[in-house]
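Enquirer: A predicted structure for the sequence below; I have some questions about it.
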Amino acid sequence: MTNEQMTPSETEPTDNQTAPTPGTDGLADTADFDGETMTDRTLLEARDLSVYYGEEQALSDVDIEIPEKQVTAVIGPSGCGKSTFLRCINRMNDLVDSARVEGELRFDGKNVYDDDVDPVALRRKIGMVFQSPNPFPKSIRDNVAYGLKVQGKKDNVDEKVHTALKRAALLDEVEDQLDSSGLDLSGGQQQRLCIARAIAPDPDVILMDEPASALDPVATSKIEDLIEDLAEEYTVVIVTHNMQQAARISDKTAVFLTGGELVEFDDTNKIFENPEHDRVEDYITGKFG
Ligand SMILES: Nc1ncnc2c1ncn2[C@@H]1O[C@H](COP(=O)(O)OP(=O)(O)OP(=O)(O)O)[C@@H](O)[C@H]1O
């Protein structure tokens, strides 16, 4: 994650009843929508989203509506644009000089590419967990407290660290060693520490880019259980190469194929049992990819 500092921009509230109420960072305050039940309310929406790296097109006119508080898996062969799509959601592609985005990516109805959206504030609402566990060379406590510190949140830090570790199913294993280095943990524990770090600032969305691909089967299984639990509170979008994993843990599945085209998006059961497109069936049954 970037260490860029916040640069809040000014936004006038809109009088449109259906539009989100922007805060000073141009983003909605989604607290209004908090609730524990699974809904089909769209939280993330792409409209004609295309991404280019220089001359090369990595995503092609993607339209998708991702529901809140569910797990959406993004699958497809290597190079089809899965990570590019994920990185569009919290504007991580801004950090790639050659990347150019066209179309819209709406978070709670607001296009995150609007001029008044502060990408640093956006990334606090839309956290990210990467393929390889990447804890900072700091204590377990400081790793989890990192996002809070960057935000200048100094109240109840210990309580928030405990809560995040608990939500990440790591507290029981590290409660007595919060001052030891995050790097001393096992790979699976490090990844759960990174999830705790992403959760601590209380985001609405957690993006995961192959979060278990570097882990052994036992650690993978713990991460999968955790992801399903997280969807009770957060909207989770996960890129995975592992189709069994997508089938096990996701509610919805998006299948991207070569050329950055989103070919099919539906309930996970439908995608794996009765896909609409032959190309999706061929991919799922291992005929290519
Ligand atoms: N920083 C970059 N600069 C230039 N081209 C890039 C960059 N990142 C990705 N690409 C290109 O964009 C296309 C999509 O890449 P992306 O990493 O999004 O695919 P992917 O489906 O996630 O692949 P994989 O499954 O192998 O991780 C590929 O052709 C890739 O080479």
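Expert: Happy to help now that I have it.
Enquirer: how about the most centrally placed residue in the chain, secondary structure?
Expert: Nearest to the mean C-alpha position of the chain, by Cα atoms, centre = their mean, lies Leu207 at 1.1 Å. With DSSP: H, G, I helix; E, B strand; the rest coil as the basis, the three-state label of Leu207 is strand.
Enquirer: per-residue pLDDT, it?
Expert: Looking at Leu207, its pLDDT is 97.
Enquirer: unless I'm mixing things up, it is touching Leu86, no?
Expert: Yes - using Cβ atoms under 8 Å, Leu207 is in contact with Leu86, at 5.1 Å. Heads up, the C-betas are built off the backbone N, CA and C, glycines and all.
Enquirer: who touches both of the two?
Expert: Common contacts of Leu207 and Leu86, defined by Cβ atoms under 8 Å, 6 or more residues apart in numbering, comprise Met128, Val237.
Enquirer: what are the buried residues along stretch 170-177?
Expert: By neighbour count on 16 or more other Cβ atoms under 10 Å, the buried set for stretch 170-177 is Leu170, Leu171, Val174.
Enquirer: relative to Leu44, which of those is nearest.
Expert: Among the buried residues of stretch 170-177, Leu170 lies closest to Leu44 (Cβ to Cβ), at 26.8 Å.
Enquirer: ok, now which ones touch that closest one?
Expert: Contacts of Leu170 (Cβ under 8 Å, 6+ apart): Gln189, Arg192, Leu193, Ala196.
Enquirer: tell me where the chain is predicted with low confidence.
Expert: 1-39, 288-289 (pLDDT under 70).
Enquirer: redo that, cut-off 80
Expert: 1-39, 151, 287-289 (pLDDT under 80).
Enquirer: alongside the ligand, which residues does it contribute?
Expert: For the chain, the residues in contact with the ligand (Cβ under 6 Å from any ligand atom) are 53, 56, 58, 76, 78-84, 96, 98.
Enquirer: now the residues you listed in TSV, with distance to Lys149?
Expert: Output for the residues of the chain next to the ligand, formatted as TSV (distance: Cβ to Cβ, whole Å):
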residue	distance to Lys149
Tyr53	33
Glu56	38
Ala58	34
Gly76	37
Ser78	37
Gly79	37
Cys80	37
Gly81	34
Lys82	31
Ser83	28
Thr84	30
Val96	27
Ser98	32
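Enquirer: looking at those, which are in helices?
Expert: Judged by DSSP state H, those include Lys82, Ser83, Thr84 as members of helices.
Enquirer: out of the residues you listed, which is most surrounded?
Expert: Among these, Lys82 has the most neighbours (other Cβ atoms under 10 Å), with 26 neighbours.
Enquirer: and the two most separated of the residues of the chain next to the ligand?
Expert: By the measure Cβ to Cβ, Gly76 and Ser98 form the most distant pair in those, at 21.7 Å.
Enquirer: who's more crowded, these two?
Expert: The neighbour count for Gly76 versus Ser98, taken as other Cβ under 10 Å, is higher for Gly76 (23 against 10).
Enquirer: check the gap between the more buried one and Tyr283 for me.
Expert: Noted for Gly76: a distance of 7 Å to Tyr283, by Cβ to Cβ, to the nearest Å.
Enquirer: who touches Arg248 in this structure?
Expert: Contacts of Arg248 (Cβ under 8 Å, 6+ apart): Glu224.
Enquirer: same question, Met128
Expert: Applying Cβ under 8 Å, 6+ apart, we find Met128 in contact with Met1, Leu86, Asn90, Met92, Ala198, Ile206, Leu207, Met208, Asp209.
Enquirer: in CSV: the contacts of Leu170, plus secondary structure and neighbour count.
Expert: CSV is the format used below for the contacts of Leu170 (DSSP: H, G, I helix; E, B strand; the rest coil; neighbours: other Cβ atoms under 10 Å):
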residue, secondary structure, neighbour count
Gln189, helix, 21
Arg192, helix, 27
Leu193, helix, 26
Ala196, helix, 27
